[in-house]
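Trainee: Have a look; sequence and predicted model below, questions after that.
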Amino acid sequence: MREKRKVGVPSDWSGISIKMYQDFEKIKKKKLEESEYNLEVLGAICGLDRDMASQLEVKSLKKIFKTIEFMTKEMPNTKELIKKVEWNDKKYGIIPNFSEISMGEYIDIEEHCKDAQKNLHKIMSILYRPIVKETRTRYSIEPYAPNEELEQEYLDFPIIPSVSALNFFFHLGKILPNALGKFLRKELMKQGKQA
(Lines give C-alpha, C1' and ligand atoms only; values in the text may rest on other atoms or scores of the structure.)
Protein backbone atom coordinates (compact mmCIF):
# COMPACT_ATOMS: atom_id res chain seq x y z
CA MET A 1 0.00 0.00 0.00
CA ARG A 2 1.30 3.44 -0.95
CA GLU A 3 1.99 6.04 1.67
CA LYS A 4 -0.34 9.06 1.45
CA ARG A 5 1.55 12.33 1.28
CA LYS A 6 0.37 15.93 1.05
CA VAL A 7 2.01 18.05 -1.60
CA GLY A 8 2.02 21.86 -1.48
CA VAL A 9 0.74 23.07 -4.83
CA PRO A 10 0.37 26.81 -5.50
CA SER A 11 -2.94 27.62 -7.18
CA ASP A 12 -2.08 31.10 -8.47
CA TRP A 13 0.80 33.55 -8.86
CA SER A 14 0.54 34.70 -5.23
CA GLY A 15 1.97 31.32 -4.19
CA ILE A 16 5.06 31.61 -6.38
CA SER A 17 8.41 32.69 -4.93
CA ILE A 18 11.35 34.25 -6.75
CA LYS A 19 13.22 30.91 -6.67
CA MET A 20 10.25 28.98 -8.07
CA TYR A 21 9.92 31.53 -10.86
CA GLN A 22 13.65 31.53 -11.65
CA ASP A 23 13.77 27.72 -11.71
CA PHE A 24 10.64 27.51 -13.88
CA GLU A 25 12.11 30.00 -16.37
CA LYS A 26 15.33 27.93 -16.58
CA ILE A 27 13.31 24.75 -17.19
CA LYS A 28 11.30 26.41 -19.98
CA LYS A 29 14.55 27.28 -21.82
CA LYS A 30 15.73 23.67 -21.81
CA LYS A 31 14.80 21.34 -24.63
CA LEU A 32 13.34 18.51 -22.55
CA GLU A 33 11.12 15.55 -23.27
CA GLU A 34 7.66 15.98 -21.74
CA SER A 35 8.24 13.50 -18.90
CA GLU A 36 11.58 15.10 -17.97
CA TYR A 37 10.04 18.57 -18.19
CA ASN A 38 7.20 17.47 -15.89
CA LEU A 39 9.60 16.01 -13.32
CA GLU A 40 11.65 19.21 -13.25
CA VAL A 41 8.56 21.40 -12.93
CA LEU A 42 7.34 19.27 -10.01
CA GLY A 43 10.71 19.80 -8.35
CA ALA A 44 10.76 23.55 -8.93
CA ILE A 45 7.15 24.39 -8.09
CA CYS A 46 6.10 21.70 -5.60
CA GLY A 47 9.47 20.76 -4.09
CA LEU A 48 9.15 17.12 -5.13
CA ASP A 49 12.29 15.15 -5.85
CA ARG A 50 12.30 12.50 -8.58
CA ASP A 51 11.60 9.61 -6.20
CA MET A 52 8.61 11.36 -4.66
CA ALA A 53 7.26 12.41 -8.06
CA SER A 54 7.58 8.89 -9.45
CA GLN A 55 5.49 7.59 -6.51
CA LEU A 56 2.52 9.84 -7.37
CA GLU A 57 -0.49 8.36 -9.08
CA VAL A 58 -1.22 9.57 -12.61
CA LYS A 59 -4.53 11.13 -11.54
CA SER A 60 -2.68 13.09 -8.80
CA LEU A 61 -0.11 14.29 -11.32
CA LYS A 62 -2.84 15.43 -13.71
CA LYS A 63 -4.53 17.30 -10.86
CA ILE A 64 -1.23 19.01 -9.90
CA PHE A 65 -0.52 20.07 -13.48
CA LYS A 66 -4.07 21.34 -13.90
CA THR A 67 -3.60 23.44 -10.72
CA ILE A 68 -0.27 24.96 -11.83
CA GLU A 69 -1.44 25.54 -15.40
CA PHE A 70 -1.62 29.28 -14.55
CA MET A 71 2.18 29.40 -14.88
CA THR A 72 1.92 28.82 -18.62
CA LYS A 73 -0.10 32.02 -18.93
CA GLU A 74 0.96 35.60 -18.49
CA MET A 75 1.44 36.96 -14.99
CA PRO A 76 -1.37 39.24 -13.78
CA ASN A 77 -1.06 42.97 -14.42
CA THR A 78 1.77 44.19 -12.22
CA LYS A 79 2.15 47.70 -13.62
CA GLU A 80 1.13 49.29 -10.33
CA LEU A 81 3.95 49.30 -7.79
CA ILE A 82 3.19 47.18 -4.72
CA LYS A 83 4.61 49.25 -1.88
CA LYS A 84 3.93 46.96 1.09
CA VAL A 85 4.07 43.18 1.38
CA GLU A 86 3.27 40.68 4.14
CA TRP A 87 6.01 38.03 4.10
CA ASN A 88 7.32 35.66 6.77
CA ASP A 89 4.90 37.12 9.33
CA LYS A 90 6.38 40.62 8.88
CA LYS A 91 5.40 43.69 6.95
CA TYR A 92 7.90 44.81 4.31
CA GLY A 93 7.95 48.08 2.44
CA ILE A 94 9.70 49.26 -0.67
CA ILE A 95 12.16 52.12 -0.23
CA PRO A 96 9.70 54.90 0.67
CA ASN A 97 11.52 57.80 -1.01
CA PHE A 98 13.76 57.05 -3.96
CA SER A 99 15.13 60.61 -3.98
CA GLU A 100 16.79 59.72 -0.68
CA ILE A 101 18.29 56.41 -1.82
CA SER A 102 21.80 55.87 -0.46
CA MET A 103 24.84 55.54 -2.69
CA GLY A 104 25.32 51.96 -1.46
CA GLU A 105 21.74 51.01 -2.36
CA TYR A 106 22.05 52.64 -5.78
CA ILE A 107 25.39 51.01 -6.63
CA ASP A 108 24.24 47.54 -5.52
CA ILE A 109 20.92 47.78 -7.40
CA GLU A 110 22.71 48.93 -10.55
CA GLU A 111 25.23 46.06 -10.27
CA HIS A 112 22.56 43.41 -9.69
CA CYS A 113 20.44 44.75 -12.57
CA LYS A 114 23.14 43.69 -15.04
CA ASP A 115 21.54 40.24 -14.74
CA ALA A 116 18.18 41.12 -13.15
CA GLN A 117 16.53 37.71 -13.57
CA LYS A 118 19.40 35.86 -11.89
CA ASN A 119 19.79 38.51 -9.16
CA LEU A 120 16.12 39.29 -8.57
CA HIS A 121 16.27 38.12 -4.94
CA LYS A 122 19.29 40.38 -4.31
CA ILE A 123 17.52 43.37 -5.84
CA MET A 124 14.43 42.72 -3.71
CA SER A 125 16.55 42.45 -0.55
CA ILE A 126 17.58 46.06 -1.21
CA LEU A 127 14.21 47.42 -2.33
CA TYR A 128 11.89 45.70 0.18
CA ARG A 129 12.93 45.74 3.83
CA PRO A 130 11.04 45.27 7.11
CA ILE A 131 8.91 48.26 8.12
CA VAL A 132 10.11 49.61 11.46
CA LYS A 133 7.72 52.55 11.87
CA GLU A 134 4.39 53.28 10.22
CA THR A 135 1.67 55.90 10.33
CA ARG A 136 -1.47 56.05 8.20
CA THR A 137 0.32 57.70 5.27
CA ARG A 138 4.03 57.02 5.77
CA TYR A 139 6.44 54.32 6.84
CA SER A 140 10.15 53.80 7.34
CA ILE A 141 12.15 50.64 6.74
CA GLU A 142 15.25 49.08 8.26
CA PRO A 143 18.51 50.70 7.19
CA TYR A 144 20.32 49.04 4.29
CA ALA A 145 22.97 46.55 5.40
CA PRO A 146 24.18 44.23 2.59
CA ASN A 147 24.15 40.61 3.74
CA GLU A 148 24.62 37.51 1.55
CA GLU A 149 22.67 35.27 3.94
CA LEU A 150 19.73 37.69 3.89
CA GLU A 151 19.87 37.86 0.08
CA GLN A 152 19.45 34.06 -0.03
CA GLU A 153 16.36 34.30 2.21
CA TYR A 154 14.79 36.55 -0.44
CA LEU A 155 14.69 33.60 -2.84
CA ASP A 156 11.41 32.85 -1.00
CA PHE A 157 10.10 36.41 -1.51
CA PRO A 158 6.86 36.52 -3.55
CA ILE A 159 7.24 37.06 -7.29
CA ILE A 160 4.26 39.42 -7.80
CA PRO A 161 5.68 42.41 -5.83
CA SER A 162 9.11 41.67 -7.33
CA VAL A 163 7.78 41.98 -10.88
CA SER A 164 5.75 45.07 -9.92
CA ALA A 165 8.98 46.74 -8.75
CA LEU A 166 10.86 45.79 -11.92
CA ASN A 167 7.99 47.03 -14.11
CA PHE A 168 7.90 50.29 -12.15
CA PHE A 169 11.60 50.90 -12.78
CA PHE A 170 11.37 49.78 -16.40
CA HIS A 171 8.53 52.23 -17.13
CA LEU A 172 10.24 54.94 -15.11
CA GLY A 173 13.38 54.38 -17.17
CA LYS A 174 11.37 54.86 -20.38
CA ILE A 175 9.51 57.97 -19.15
CA LEU A 176 12.33 59.72 -17.30
CA PRO A 177 14.58 60.56 -20.29
CA ASN A 178 11.64 62.20 -22.13
CA ALA A 179 10.54 64.14 -19.05
CA LEU A 180 14.13 65.20 -18.38
CA GLY A 181 14.55 66.32 -22.01
CA LYS A 182 11.38 68.46 -21.85
CA PHE A 183 12.49 69.96 -18.54
CA LEU A 184 15.95 70.83 -19.89
CA ARG A 185 14.48 72.43 -23.06
CA LYS A 186 12.18 74.61 -20.91
CA GLU A 187 15.09 75.63 -18.70
CA LEU A 188 17.23 76.51 -21.74
CA MET A 189 14.37 78.58 -23.20
CA LYS A 190 13.98 80.43 -19.88
CA GLN A 191 17.70 81.15 -19.78
CA GLY A 192 17.62 82.34 -23.42
CA LYS A 193 14.79 84.78 -22.63
CA GLN A 194 16.64 86.09 -19.57
CA ALA A 195 19.80 86.70 -21.58
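Mentor: Done, it's in.

Trainee: Could you name the helices and strands sitting against the biggest strand by length in the chain?
Mentor: Of all the elements of type strand in the chain, the one with the most residues (DSSP state E) is strand 128-134. Contact partners of strand 128-134 among helices and strands, from 3 or more CB pairs under 8 Å, 6 or more residues apart in numbering; DSSP states H and E: strand 84-87, strand 90-94, strand 139-141. The way it works is simple: take the backbone N, C-alpha and C, and place the C-beta from them, glycine included.

Trainee: Chain neighbours aside, what residue packs nearest to the most centrally placed residue in the chain?
Mentor: Central residue of the chain (CA atoms, centre = their mean): Ser162, 2.6 Å from the mean position. Leaving aside its sequence neighbours, Ser162 sits nearest to Met124 (CB to CB, 6 or more residues apart in numbering; 5.2 Å).

Trainee: Next, count neighbours for the one you found.
Mentor: Residues lying near Met124 (other CB atoms under 10 Å) number 26.

Trainee: now Gln22
Mentor: 18.

Trainee: and if you look at Trp13?
Mentor: Count around Trp13 with other CB under 10 Å applied: 18.

Trainee: just the one 10 residues further on next, same as before
Mentor: If you count neighbours by other CB under 10 Å, Asp23 ends up with 17.

Trainee: Please, which helix or strand holds it?
Mentor: Taking DSSP states H and E as the criterion, Asp23 maps to helix 18-29.

Trainee: For whatever helix or strand comes next after that helix, which helices and strands make contact with it?
Mentor: Sequence-wise, the next helix or strand downstream of helix 18-29 (DSSP H and E) is helix 34-46. Here helix 34-46 touches helix 18-29, helix 50-55, helix 58-67, going by 3+ CB pairs under 8 Å, 6+ apart.

Trainee: Buried deepest among these, which one?
Mentor: When you average the neighbours per residue for each of the helices and strands packed on helix 34-46 (mean count of other CB atoms under 10 Å), helix 18-29 leads with a mean of 17.
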